[in-house]
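Engineer: build me a structure from this.
(2 chains)
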Amino acid sequence: MDESLIILIVLSLCLGAGCWLIFIWAVKKGQFEDVEKPKHRMLDDD
Amino acid sequence: MSALPERICSHCGISFRWKAVSSSGDDGSQAIFCCRGCQGAYRMICDAGLGSFYDRSERATPTVAEAATSSYTERDLAQHIVSDDDLCRIDVLVSGITCPSCVWLLERMLGRVPGVEYVSISYSGGIASLRFDPERVAPLELFSVIARLGYSPRPYSADQSEKEARRERDDLLLRFGTALFLTMQLMAYSYALYAGYFQGMGEGMKQFLQYVSLLVTTPVVFYSGWPFIVGAWRSLKTAAPGMDLLIAMGALSAWLYSVWALFGGQETYFESAAMIVTFVLIGRLLELSVRRRAMSGISSLYAAAPQRATVVGVGGNRTVEVDEVRPGDMLLVRQGERFPVDCLIVEGETEVDQSLATGESRPVLFVSGDDVRSGCVNVAAPVTVQALRPAGQSYLMRVASLVQMAQAGKPDLQQLADRVSGWFVPAVILLALLVCAGRLLFLGESAAAAIMSALSVVLIACPCAMGLAVPAAVLAGCSRSASLGIILRGGDVIERLASVDTALFDKTGTITCGLPGIIRLETYAGYDAAAVLQAAATVEEQASHPIARAIVRHAAEHGYQPESCRDFRAIPGRGISGVLPNGERVLCGSRSFLREQGVSLEVDSRYDSAATAVLIAIDGCLAGCFLLSDQLREGARGVISGLAAERMDICLISGDHQTTVDRIAAEIGVSSAFGGMTPDQKLAHATELQQRGRRVLMVGDGVNDAPALASATVSCSLSGSSDIALENADVIITGDDLSRIATAYRISRATMTIIKQNLAWAFVYNIIGIPLAMTGLLTPVYAAVAMTASSLLVSLNSLRLMRFKHNG
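Structural biologist: Numbering: from 1, shown residues only, chains lettered A, B, ... in the order given. You can find the predicted model right below:
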């Protein structure tokens, strides 16, 4: 039982680390640069 | 760990005690460095064959501070200095400002430098406005004072501050995201450990979970929490305890305690350390967004400032940075470009969109000899202009610095909060130590319990809420009023405006537009009003003169829309002509213009000499005459009724005849009106009221109002006012709507209410929290949550101002 728990914890850490890397990528790519404009963009004419 | 001996860096020459970076020189000699950067620089210098640089005996040993400022020369800085009477002003972007205590420290230290007359640092922009006596202190010295405190100064320009803000935001976001991710993982282990604590758990499993907790907490404390640790170090170095010190102390002590407990086989509290950091980072992120919102007002002004200008010279045109333009330079402003500096038109005629300066978007005709303000758009044709002022002193920059001062100025209440924070931090540290010692020695508790309650005291006392209480509300109030077209020139204006009980209004140009409106239309020779209005609207539509606009507006109010007009011609200052769709030729203009065009003016006999007359001829025959006169400004009645509803005494003071003033006063519903007043009488009237204990709001636009404006408790001008009135105004209303003055008053009242709520909350929170923490009822986790909740509450409470409605 303990062994499976340990495996699961390590797995969850790996999964989380993956998400964290994606988050870092998003910040570096400027995804959070402007969180106001994009939501209005679909209402613009062009 | 034993302290390392003090050593001297081979490159920069500072003494240091940490582990050295060493490398071997070409000649085999050993060199040591304080950091990799110095090592790199040393290698570069040696590789370039300039190693003898280090042997020069006259080489002064530079300090870190000098290294930080040496990239600027006096000449570089001179470009950014604005002279202001016999003092000079410079704006400095200071990076590293993380909390109100940083602002407090910098202001005190800079204020002590001899020759510095005025220091104000905008927390939101991180911009320090310094006024100093150039005879007594050099700007470079001020830079080194800032650098010695551990902050990095840079001369301010819009672009740099934007980049800085972006870098700061990304950095904060990364640290916060990391902390959030790891803390969430950590909480899962913590819940398992809590369950294990109550239900029992295998020793091996418990150990494993605690080790994993250590693994995920360490980056939270030392990466995400790094800004706090750096801030705390800075506090210690300068012996100026601040917020960061409290937070770093809390997080580090929880972490150290848990590591010690882990190896001692006891319960760990890693989640406390991680949560302090995570929650405070949330607060910082929120704070940053309040600051960014407030900053956007200023940025839009800077954004309108053109960065380049075209100088006309003998060798052809060249493009230069706008800072390089000197008064007297000849510039070319093409169609569609903004005027880079305040200038005088020397060649050409064009129409100018002055919406930035006056709020009026319809272009106005400018001819040679007229002066144009920077930032206005050249709509019609290229013109050659002569620069009147350098960019730093041009209209846009003057307005921009007004807004900036608005954010830097602080109400007296803020200084109170500053004073409190100053003694608060050492008091808390002392209290925490006392609690720890007391519980250990007198109550005989375990070291763990004593340390935990000391930790709670430190955490609960973090005066985040107190530090935020005033700035957050002032920022929200200022930025909301800015978006409503009200520029408040200082945070303290909010406090003064809220206390006003008497309002004085100038008449001409303030209550009235100072612009013509149609008061009567006469028709002649069998033409009816319909035909005259239709013809006039069609032709005048093409012109941009204020009188033309008044006529078109008047016609539109009566339901006549302009038709298409052919062969339009305008003779500036005289009149216009055009052909209607039905072929009739229309002339509009002054009497002399029509007479020149051969129109017989015999039938025109009776009109009021006080009003301006615009005559209209259709096919060479006089058809009508518009009489124009000054009219009430939009919102004039609104502001009077709005302020009267707040139980304010209102009075009209004007240089005009008593009868005219009485008429206008009756029209807007003001009972007391004084006419025929000279500037000094206005001033005397305002000061006399103040001597009787009244708090006076003076609203005026002209040069004759300036003395009264300067002396009033709060002064207010409209954006189209004379420069001197604007410079003396605490409140500036952009656009024409006078009723915004009433809104400004209500916003200031609302902001003061919010500030009082915030401060009351911050104090109550500490008064309740600290005793609870001392008795050990409040553990660090709850303290961290409570602290963040209170900071959030204060920030959100301030953000309520952002929803303030103009007429609501």
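Engineer: what's the burial count for residue B:342?
Structural biologist: With neighbours defined by other C-beta atoms under 10 Å in any protein chain shown, the count for residue B:342 comes to 25. To be clear about C-beta, it is placed using only N, CA and C from the backbone, and glycine gets the same treatment.
Engineer: settle this for me: it is touching residue B:388, isn't it.
Structural biologist: Yes: assessed by C-beta atoms under 8 Å, residue B:342 is found in contact with residue B:388 at 4.7 Å.
Engineer: return every residue with contacts to both of these two.
Structural biologist: Counting by C-beta atoms under 8 Å, 6 or more residues apart in numbering or on different chains, the residues touching both residue B:342 and residue B:388 are residue B:371.
Engineer: residue of the stretch 351-500 of chain B nearest chain A, please.
Structural biologist: Among all residues of the stretch 351-500 of chain B, residue B:483 sits closest to chain A, at 13.7 Å; criterion: C-beta to the nearest C-beta.
Engineer: ok, that residue to residue B:797 distance?
Structural biologist: For residue B:483, the distance to residue B:797 equals 19 Å [C-beta to C-beta, to the nearest Å].
Engineer: residue B:675 now?
Structural biologist: Residue B:675 sits 47 Å away from residue B:797, going by C-beta to C-beta.
Engineer: then residue B:616?
Structural biologist: For residue B:616, the distance to residue B:797 - C-beta to C-beta - is 60 Å.
Engineer: now swap in residue B:254 and tell me
Structural biologist: On the measure of C-beta to C-beta, residue B:254 and residue B:797 end up 29 Å apart.
Engineer: what ranges does the stretch 551-700 of chain B have for its strands?
Structural biologist: B:566-571, B:575-579, B:585-589, B:612-618, B:621-632, B:649-653, B:672-674, B:696-699 (DSSP state E, counting those that start in this stretch).
Engineer: between residue B:483 and residue B:797, point out the one with more neighbours.
Structural biologist: Neighbour count, other C-beta under 10 Å: between residue B:483 and residue B:797, residue B:797 has more, with 20 against 13.
Engineer: tell me the buried residues in the longest helix anywhere in chain A?
Structural biologist: As assigned by DSSP state H, the longest helix anywhere in chain A is helix A:2-28. Using 16 or more other C-beta atoms under 10 Å in any protein chain shown as the test for burial, helix A:2-28 gives A:9, A:20, A:23, A:27.
Engineer: doesn't residue B:211 make contact with the first one?
Structural biologist: To tie it back to what came earlier, the one meant is residue A:9. No: in this structure, residue A:9 is not within contact of residue B:211 by C-beta under 8 Å, at 10.8 Å.
Engineer: any weak-confidence spans in chain A?
Structural biologist: A:1, A:33-46 (pLDDT under 70).
Engineer: which residue would be the closest one in the stretch 201-350 of chain B to chain A?
Structural biologist: Chain A sits closest to residue B:205 of the stretch 201-350 of chain B, with a gap of 5.7 Å, by C-beta to the nearest C-beta.
Engineer: mean confidence for the helix or strand harbouring residue B:749?
Structural biologist: Counting by DSSP states H and E, the element that carries residue B:749 is helix B:740-775. Averaged over helix B:740-775, pLDDT sits at 84.
Engineer: now do the buried residues in it.
Structural biologist: The neighbour-count check on helix B:740-775 (16+ other C-beta under 10 Å) flags B:740-752, B:754-755, B:757-759, B:761-763, B:765-766, B:769-770, B:772-774 as buried.
Engineer: chain center to that helix, what's the gap?
Structural biologist: Centre-to-centre, helix B:740-775 and its host chain are 22 Å apart (C-alpha atoms, centre = their mean, to the nearest Å).
Engineer: repeat that for stretch B:375-393.
Structural biologist: Its chain's C-alpha centre and that of stretch B:375-393 lie 25 Å apart, by C-alpha atoms, centre = their mean.
Engineer: look at it and report the distance between its end residues.
Structural biologist: This stretch, stretch B:375-393, spans 13 Å end to end (C-alpha to C-alpha, to the nearest Å).
Engineer: can you check stretch B:477-488 too?
Structural biologist: Length of stretch B:477-488, first residue to last, C-alpha to C-alpha: 9 Å.
Engineer: in it, what counts as buried?
Structural biologist: Within stretch B:477-488, the residues that qualify as buried are B:477, B:478, B:479, B:480, B:481, B:482, B:484, B:485, B:486, B:487, B:488, counting by 16+ other C-beta under 10 Å.
Engineer: avg pLDDT for it?
Structural biologist: On average, the pLDDT along stretch B:477-488 is 78.
Engineer: what's the answer for stretch B:799-808, then?
Structural biologist: Per-residue pLDDT over stretch B:799-808 has a mean of 77.
Engineer: just confirm yes or no for it near chain A.
Structural biologist: No: using C-beta under 8 Å from any C-beta of the partner chain, we find that stretch B:799-808 stays clear of chain A, coming within 13.3 Å at best.
Engineer: what residues sit buried inside that stretch?
Structural biologist: Buried residues in stretch B:799-808, counted by 16+ other C-beta under 10 Å: B:799, B:801, B:804.
Engineer: contact partners of that stretch?
Structural biologist: Outside stretch B:799-808, the residues that reach it (C-beta under 8 Å, 6+ apart) are B:290, B:293, B:472-473, B:476-477, B:479-480, B:484, B:739-740, B:743, B:746-747, B:750-751, B:754.
Engineer: let's go with 10 Å and repeat that
Structural biologist: Here stretch B:799-808 makes contact (C-beta atoms under 10 Å, 6 or more residues apart in numbering or on different chains) with B:286, B:289-290, B:293-294, B:472-481, B:483-486, B:638, B:642, B:737, B:739-740, B:742-743, B:746-747, B:750-751, B:753-754, B:757.
Engineer: residue B:766 contacts residue B:759, doesn't it?
Structural biologist: No: if you go by C-beta atoms under 10 Å, residue B:766 and residue B:759 don't touch, sitting 11.1 Å apart.
Engineer: before we move on, back to that, ok, and which of the buried residues of helix A:2-28 reach chain B?
Structural biologist: For chain B, the contacts drawn from these by C-beta under 10 Å from any C-beta of the partner chain are A:9, A:20, A:23, A:27.
Engineer: got CSV for those residues, with distance to residue B:365 too?
Structural biologist: Shown next, in CSV, are these (distance: C-beta to C-beta, whole Å):
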residue, distance to residue B:365
A:9, 76
A:20, 61
A:23, 56
A:27, 51
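Engineer: pretty sure residue B:280 is in a helix, no?
Structural biologist: Yes: secondary structure of residue B:280 (DSSP: H, G, I helix; E, B strand; the rest coil): part of a helix.
Engineer: ok, how many other residues are close to it?
Structural biologist: Neighbour count of residue B:280, defined by other C-beta under 10 Å: 28.
Engineer: and what of residue B:383?
Structural biologist: Residues lying near residue B:383 (other C-beta under 10 Å) number 26.
Engineer: pull out the buried residues from the helix or strand where residue B:257 lies.
Structural biologist: Here residue B:257 sits within helix B:243-263, counting by DSSP H and E. In terms of neighbour count (16+ other C-beta under 10 Å), helix B:243-263 has its buried residues at B:243-255, B:257-259, B:261-262.
Engineer: so which helix or strand takes in residue B:328?
Structural biologist: Going by DSSP H and E, residue B:328 is not in any helix or strand.
Engineer: so which elements touch the strand or helix carrying residue B:164?
Structural biologist: For residue B:164, the element it lies in under DSSP H and E is helix B:158-199. On a contact count with 3 or more C-beta pairs under 10 Å, 6 or more residues apart in numbering or on different chains; DSSP states H and E, helix B:158-199 meets helix A:2-28, strand B:87-95, strand B:152-155, helix B:203-219, helix B:226-238, helix B:270-303.
Engineer: pLDDT on it, on average?
Structural biologist: Rounded mean pLDDT across helix B:158-199 is 81.
Engineer: so which bits of chain A are right by chain B?
Structural biologist: A:1-2, A:5-6, A:9-10, A:12-13, A:15-17, A:19-20, A:23-24, A:26-28, A:30-33, A:35-36.
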